[in-house]
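S.K.: From the sequence below, what's the structure:
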Amino acid sequence: MSAGQLDAVIAAIRAEARDVLSLELVDPQGRELPAFEPGSHLEVHLANGLIRHYSLCNDYRERHRYQIGVGLALESRGGSRLLHGGLKVGERLRISTPRNNFPLGANGDHYSFIAGGIGITPILAMIRWCMANDKPWTLHYLTRSRLRAPFYEELLELDKERVTFHFLDEHDGQPLDIEATVSAMPNYSHIYCCGPAPLMERVQAAASDRPAEQVHFEWFSGKTQGSTDNQEFKVILHSTGEELQVPAELSILEVLEEHGHYVPFSCREGLCSSCETQVLSGTPDHRDFVLSDTAKAEGKSMMICVSRAKSEVLVLDI
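M.R.: Okay, the predicted model is just below:
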């Protein structure tokens, strides 16, 4: 077993909404699991060789189980479809230890959450943290219908007065007025948003006048990024001095693979940080959805599955 990986047993499978399941995972020997913080996710290694990332939605204080929510993607490439149709209670899964690209800041005075569909999973863990630490919070939860709202009953039980639901089929198909919703949030509130890319982009635009350190996103689908303006550049591998040309139509990761170099990766969309690599020299052109603005400005690391170079040469710690 690789470092940072665990074997887990599926203790329960529950239908949380139409096309959404939750899986409860426990240690095979009943031992405590590694601790996690709200916003954390697991890498799930599937039998077909795919690796998928799922946010933890249970209470961060729990050490006896992990709970993840899995939505069935309409255009599944074999990940969610396998989890929905091919698993049974008692089976084992190989998972990573918890990783967090969407950390909840503990020093906020108020928390405003916006979730779309399965994007509720990391937000649910954050709400549990707020309640455990007596932090004020509100949630705007958007789905197509009540039947497609995972953890709907659970949210009502937690604190229905703080939750505003917006179901498209109950609003004549009209989406929530994101601009007005964000504008009504306290100017000192920390905003956390997770959901489909169009929702995230609207929230990002609506909150563009707020301090960047108060607005937080977890992208599980990337924005469309064109390659027409890509430039060729050179990558030097620090360990050997090998020089590789990265053409406009290929990523650094793809070029490394073509030359027989194995580098950890998963999503290939700049969403998960599995391929994060240290930059020893040169200026990255960051195109990921994980690194903070501060980290991007520092330029000390990059996601080689999507990011490129502003300089003619990058020296990578490979």
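
S.K.: tell me the helices in the protein, going along the chain?
M.R.: Using DSSP state H, the helices of the chain run over 80-85, 120-132, 152-159, 178-183, 197-206, 252-258, 293-298.

S.K.: Give me whichever of those helices is most buried.
M.R.: Each of the helices of the chain was assessed for mean neighbour count using mean count of other Cβ atoms under 10 Å. The highest is helix 120-132, with a mean of 24. Placement of C-beta: from N, CA and C, glycine included.

S.K.: Which neighbouring elements make contact with that one?
M.R.: Packing contacts for helix 120-132, counted by 3 or more Cβ pairs under 8 Å, 6 or more residues apart in numbering; DSSP states H and E, involve strand 51-55, strand 66-71, strand 111-116, strand 137-143, helix 152-159, strand 190-195.

S.K.: which stretch in these is the model least sure about?
M.R.: Lowest mean pLDDT of these: strand 51-55, a mean of 88.

S.K.: Buried residues in that strand, which are they?
M.R.: Ile51, Arg52, His53, Tyr54, Ser55 (16 or more other Cβ atoms under 10 Å).

S.K.: Need the CA coordinates for that strand. CSV is fine.
M.R.: Extracted as CSV, the C-alpha positions of strand 51-55 are listed here (Å, rounded to 0.1, in the frame of the first residue of the first chain):
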residue,chain,number,x,y,z
ILE,A,51,-9.3,7.7,-9.1
ARG,A,52,-12.1,10.0,-8.1
HIS,A,53,-12.3,12.7,-5.4
TYR,A,54,-15.3,12.9,-3.0
SER,A,55,-15.7,15.4,-0.2
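
S.K.: what's it packed up against?
M.R.: Strand 51-55 sits against strand 41-45, strand 66-71, helix 120-132, with contacts defined as 3+ Cβ pairs under 8 Å, 6+ apart.

S.K.: Ok, which of the ones you listed comes nearest Ser311?
M.R.: Ranking the helices and strands packed on strand 51-55 by proximity to Ser311 (Cβ to Cβ) places strand 41-45 first, at 31.5 Å.
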